[in-house]
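**Q** make a model of this:
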Amino acid sequence: MRIEGGIIIGRPIEDVFDFVADGRNEPSFKPWVVRAEQLTDGPIGAWTRFLATTTSIGRTIDTSIEFTTFERRTRQSSTTNTTTADTIGTLTSAADPAGTRMRWSWDVHPTGLFRLLKPLIHWLGTRQEEAIWASLKQHLEARTPPAQGPAALGVALTRWSARRSWWLSSRHGKSHPRGRVLPHARRRPAVRVGGTSMTP
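**A** Next up, the predicted model:
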């Protein structure tokens, strides 16, 4: 039983590929994943293994994932095993004018009594994959990339200018930006002259 699909994500291919490859990121775009950890040491690549814990109908289910092929930027193949099904498949990535084009192709093999539910599993699986990658797209496109090059310099100069302006204003007895009056800017006691209060 094969489940396939694709999506375009408006982020650079390196960002998308690396984020997806790190299974520890799954809880950020899969609400049913409550925990994910890397079981193997070293950088992520072929034969890296992850363990994810999901919740379903009040139950917790452990899912093991292992990369079998890992070609950075372009392809990551894996095997996924749960108590209900074994899945073998591949995610491919390609640069696109709008960002990154991702495609998935999974061969799903239900186990035990779940083999009797193949049509239902295929229908549910197709919609779940579409929801997963739509959630990933929303998550990644909402992230603001860090400023680099001239943009980073502009941000730094703006912050320095703001700090300098605050320091100069505080030297002239103006209030702190948060509303706290600086010690040297506290007003002198008022002197009452007749019915009028005057501050020297």
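**Q** tell me which residues in the longest helix seen in the chain are buried?
**A** The longest helix of the chain (DSSP state H) is helix 118-142. Buried positions in helix 118-142, judged by neighbour count with 16 or more other C-beta atoms under 10 Å: 121, 125, 129, 132-133, 136-137, 139-140. Quick note: C-beta positions are derived from backbone N, CA and C, even for glycine.
**Q** likewise stretch 77-94?
**A** Across stretch 77-94, burial judged by 16+ other C-beta under 10 Å covers 77-78, 80, 82, 84-85, 87, 89, 91-93.
**Q** need those in CSV with pLDDT and distance to Glu66, can you?
**A** What follows is these, written out as CSV (pLDDT from 0 to 100; distance: C-beta to C-beta, whole Å):
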residue, pLDDT, distance to Glu66
Ser77, 98, 10
Ser78, 98, 6
Thr80, 97, 8
Thr82, 93, 13
Thr84, 90, 18
Ala85, 94, 15
Thr87, 97, 11
Gly89, 96, 12
Leu91, 97, 14
Thr92, 98, 18
Ser93, 97, 19
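**Q** restricted to strands, list the residues you listed.
**A** Residues from the buried residues of stretch 77-94 lying in strands, with DSSP state E as the criterion: 77-78, 80, 85, 87, 89, 91-93.
**Q** now Asp62: closest residue in space, sequence neighbours ignored.
**A** Using C-beta to C-beta, 6 or more residues apart in numbering and skipping residues adjacent in sequence, the residue nearest Asp62 is Thr53, 5.6 Å away.
**Q** tell me which element the one you found is part of?
**A** strand 49-56 (DSSP states H and E).
**Q** could you list the buried residues of that strand?
**A** For strand 49-56, a neighbour-count test (16+ other C-beta under 10 Å) marks 50, 52, 54 as buried.
**Q** beta partners of the second one?
**A** So the one you mean is Ala52. Applying DSSP bridges to Ala52 gives these bridge partners: Ala36, Thr63.
**Q** for it, give me its contacts.
**A** By C-beta atoms under 8 Å, 6 or more residues apart in numbering, the residues touching Ala52 are 23, 26, 33, 35-36, 62-63, 65.
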